[in-house]
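>>> Sequence and predicted structure, then a few things I'm wondering about:
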Amino acid sequence: MFAKILIANRGEIACRVAASARRMGIKTVAVYSEADAHAKHVAVCDEAVLIGAAPAKESYLCANKIIEVAKATGAQAIHPGYGFLSENAEFAQACTEAGLVFIGPPASAIRAMGSKSAAKTLMEKAMVPLVPGYHGDNQDPAFLQSEADKIGYPVLLKASAGGGGKGMRIVDKSADFKAALASCQREAVNSFGDDRVLIEKYLTQPRHIEIQVFADTQGNAVYLFERDCSVQRRHQKVVEEAPAPGMPPARRQAMGDAAVAAAQAVGYVGAGTVEFIANQDGSFYFMEMNTRLQVEHPVTEMITGLDLVEWQLRVAYGEVLPKLQAELDMRGHAIEVRIYAENPEKGFLPSIGTLRHLRTPSATEFSTVAMPSSHAGEGSNEGDGIVRIDSGIRRGDAIAPYYDPMIAKLIVWGKTREQALLRMSRALSEYQVVGVATNVAFLQRLIKSAPFAAAQLDTGLIERHHAELFPPQATLSLPVLALATVSILHAEQQVAASDPWAASSGWRMNSHLQRRFNFSDAQSDNGNASDVLVTYRREGWLLHYGDSAALVSIDTQSDDDWIIKIGSATIKGTVVRDEESIHVFADDRHAVLHYKDPLAHANAAEADAGRLTAPMPGKIIAVLVKQGAIVAKGTPLLIMEAMKMEHTIAAPTDGTVEQLLYAVGDQVAEGAQLLSLKSR
């Protein structure tokens with residue numbers, strides 16, 4: 001077996017690979033950019049080498065530098081993780097030529113499957129079913145539009161070299177094709193350096209089913225069952241689970257056999273994923289093959305009890321597959337969600353910042369986890385389950401604009417899907433993040449939603465049930481307001497401990513002190529202001545909220561954790577002060593409150609309705625209007641590229657463009673004014 005490997009990646013996947021290597025006694029070398037000098041993956045590896053500046057093209061995408069580091073440190077092989085260089089055939093070939101083992105498929109297989117168009121041609125020859133579409137070399141816009149017209153709308157435009165939902169557009173009618181194609185090509189070039197596209201018939205209410213395959217150098221190939229990745233937003237997976245709900249054994253075998261045939265058609269070696277799009281009637285079509293380990297591989301590990309990274313290392317070393325098809329089985333059900341630094345209420349816009357508070361549910365690291373089969377025996381409790389967290393982020397780390405904003409992967413296992421859903425719901429309720437916006441609350445609503453619970457899965461689930469998944473913001477509850485209020489009173493009590501005139505007992509000669517606390521909901525568009533009147537009593541604080549009143553007292557308090565009494569009820573929660581905000585984790589909710597101190601005299605300037613600002617750091621890639629242009633509300637004004645995704649800035653109202661402050665190619669900071677729009 002290898003004595004030392006280099007991990008050519010960062011974040012959670014680098015940590016994940018290092019965990020298996022450490023368990024196998026293999027030393028690891030990390031590479032890192034200037035932005036990742038203090039990252040977790042640097043700490044968990046045996047050695048670490050700086051390879052460049054923060055942008056990926058100056059560090060993690062520098063193949064020559066990575067190969068030089070591998071040779072200099074004595075590494076025998078390179079594990080590419082996923083993303084970056086993992087599906088780069090030239091990098092795989094360069095590793096081989098440098099005398100290093102590329103822990104992945106041969107360059108020929110990557111090339112064969114790297115182009116979605118070429119891959120579909122191969123699959124057609126291998127008798128793997130394909131979605132109707134065009135995947136040829138003619139990239140003339142007029143020709144592509146004519147092909148889309150022949151296929152019939154809606155169609156899906158996809159970057160030939162793409163992945164991860166980037167460079168994909170749904171086109172509903174011919175009139176929209178030209179603009180969608182241009183946008184798709186721009187994003188494809190920015191993400192993959194290749195603007196070629198293919199066209200497919202867009203199926204309504206399809207499921208996204210993928211098959212995990214593995215092959216060795218001795219000609220053996222197996223499938224490790226399926227994953228359902230249907231629940232998506234912007235063509236990016238949100239929830240993954242294994243096995244796919246409602247999958248009949250015969251269809252599982254048919255899809256597995258087709259996936260193995262696809263792998264064998266290109267002489268595949270190592271871990272790969274064959275992705276299918278499936279109709280509700282059970283028919284399925286080849287979509288693409290990812291020639292690497294997938295983000296969602298943990299759910300396969302959880303139902304099979306196998307370490308897929310260990311399999312990768314053994315196969316790359318030349319060993320035979322640890323198990324053949326007849327020896328493989330699965331148990332229970334596993335679900336994975338991706339905890340992202342993003343704001344679902346604002347179109348899933350990525351969030352930049354530092355994680356000033358991070359608390360996760362109790363979990364077992366993969367390197368020490370007992371496999372699910374040991375938890376599924378007789379006598380186990382119905383509530384038993386495994387919680388696993390794969391993450392490369394720690395408290396105090398920053399989510400930077402250079403890389404994917406994923407904080408962690410949260411994976412649970414249960415004996416049944418119902419049990420796994422309960423375990424996931426509880427785990428999400430215990431996940432606390434302060435410093436960036438996250439999708440945790442959205443994931444909670446999704447997991448609990450009726451269609452997801454009933455396994456009514458398809459790629460349009462989120463859009464179709466938007467109203468249910470994005471309900472109006474609930475008003476602040478009494479437990480949340482009580483915890484926020486008590487935390488302020490307690491802090492004042494600590495500060496004033498040595499000042500009898502400021503003592504928080506509220507004692508007065510002939511009356512009880514009363515104070516009014518005004519809170520606003522920072523997560524609500526209109527602020528949802530709430531007033532709490534506090535009367536100081538000897539036995540505690542009497543809180544008046546709306547038409548109700550309750551006596552509140554502190555039961556126990558430790559750091560950020562509180563247990564308070566509200567009347568006869570006991571309330572538990574966590575309260576975190578973050579500059580001007582108070583974060584309260586309680587009542588099955590993460591509430592963010594702004595406290596308006598009536599004694600403070602802060603002067604806040606009114607927002608200028610015509611000031612349009614950058615929602616995040618990025619680059620201007622298109623300016624769609626000229627100075628002096630008269631525009632209607634909703635008119636696209638310019639397009640920013642950030643985190644490899646395009647974001648269109650539209651007019652919030654009817655008006656006239658008074659001034660354009662940036663040009664194409666300019667880098668802009670978060671909050672920078674982009675243009676001035678005079679309302680009319």
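Right, received. Where do you want to start? Numbers count the residues shown, from 1 in each chain.
>>> so where is the stretch 151-300 of the chain shaky, pLDDT-wise?
Counting by pLDDT under 70, the ranges of the stretch 151-300 of the chain that qualify are 164.
>>> which stretches of it form strands?
155-159, 168-171, 197-201, 207-215, 221-228, 232-233, 236-237, 239-242, 270-278, 284-290 (DSSP state E, counting those that start in this stretch).
>>> Equivalent analysis for the stretch 1-150 of the chain, please.
4-7, 27-33, 47-52, 77-79, 101-102, 133-134.
>>> Turn these into TSV, including mean neighbour count and mean pLDDT.
For every residue, glycine as well, the C-beta is placed using N, CA and C. Formatted as TSV, the strands of the stretch 1-150 of the chain follow (neighbours: other Cβ atoms under 10 Å; pLDDT from 0 to 100):
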stretch	mean neighbour count	mean pLDDT
strand 4-7	25	98
strand 27-33	23	98
strand 47-52	18	98
strand 77-79	27	98
strand 101-102	23	98
strand 133-134	20	90
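>>> Would you mind giving the strands of the stretch 151-300 of the chain as JSON lines with distance to residue 552 added?
Formatted as JSON lines, these follow (distance: least, Cβ to Cβ, whole Å):
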{"stretch": "strand 155-159", "distance to residue 552": "55"}
{"stretch": "strand 168-171", "distance to residue 552": "52"}
{"stretch": "strand 197-201", "distance to residue 552": "59"}
{"stretch": "strand 207-215", "distance to residue 552": "49"}
{"stretch": "strand 221-228", "distance to residue 552": "46"}
{"stretch": "strand 232-233", "distance to residue 552": "40"}
{"stretch": "strand 236-237", "distance to residue 552": "44"}
{"stretch": "strand 239-242", "distance to residue 552": "39"}
{"stretch": "strand 270-278", "distance to residue 552": "53"}
{"stretch": "strand 284-290", "distance to residue 552": "54"}
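>>> what ranges do the helices span in the stretch 101-250 of the chain?
Using DSSP state H, counting those that start in this stretch, the helices of the stretch 101-250 of the chain run over residues 107-114, 116-125, 141-151, 177-192, 249-265.
>>> Looking at those helices, spot the one closest to residue 405.
The closest of those to residue 405 is helix 177-192. By Cβ to Cβ, the value is 15.3 Å.
>>> I'd like to know which elements the closest one is packed against.
When contacts are defined as 3 or more Cβ pairs under 8 Å, 6 or more residues apart in numbering; DSSP states H and E, helix 177-192 sits against helix 141-151, strand 155-159, strand 168-171, strand 197-201, strand 618-623, strand 636-642, strand 645-650.
>>> which residues sit against that helix?
The contact list for helix 177-192, computed with Cβ atoms under 8 Å, 6 or more residues apart in numbering, reads 141, 144-145, 148, 157-162, 164, 166-171, 194-197, 621-622, 639, 641, 644-646.
>>> Quick one: buried ones out of those residues?
144-145, 148, 157-162, 164, 166-169, 171, 194-197, 621-622, 639, 641, 644-646 (16 or more other Cβ atoms under 10 Å).
>>> so where do the helices sit in the stretch 251-400 of the chain?
Here the stretch 251-400 of the chain has its helices, by DSSP H, counting those that start in this stretch, at 297-304, 308-316.
>>> could you dump the helices and strands packed on helix 177-192 to TSV with distance to residue 438?
Converted to TSV, the helices and strands packed on helix 177-192 look like this (distance: least, Cβ to Cβ, whole Å):
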stretch	distance to residue 438
helix 141-151	38
strand 155-159	28
strand 168-171	24
strand 197-201	33
strand 618-623	20
strand 636-642	18
strand 645-650	18
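>>> so which of those gets nearest residue 345?
When these are ranked by proximity to residue 345 (Cβ to Cβ), strand 645-650 comes first, at 15.3 Å.
>>> which one of the strands of the stretch 151-300 of the chain is the most hemmed in?
Burial of the strands of the stretch 151-300 of the chain is given as mean neighbour count (mean count of other Cβ atoms under 10 Å); strand 239-242 ranks first at a mean of 28.
>>> Packing partners of that one?
Using 3+ Cβ pairs under 8 Å, 6+ apart, strand 239-242 sits against strand 221-228, helix 297-304, strand 333-340, helix 440-448.
>>> on contacts alone, who are the packing partners of the third one?
Other elements packing on strand 333-340 under the criterion 3+ Cβ pairs under 8 Å, 6+ apart are strand 239-242, helix 297-304, strand 406-414, helix 417-429, helix 440-448.
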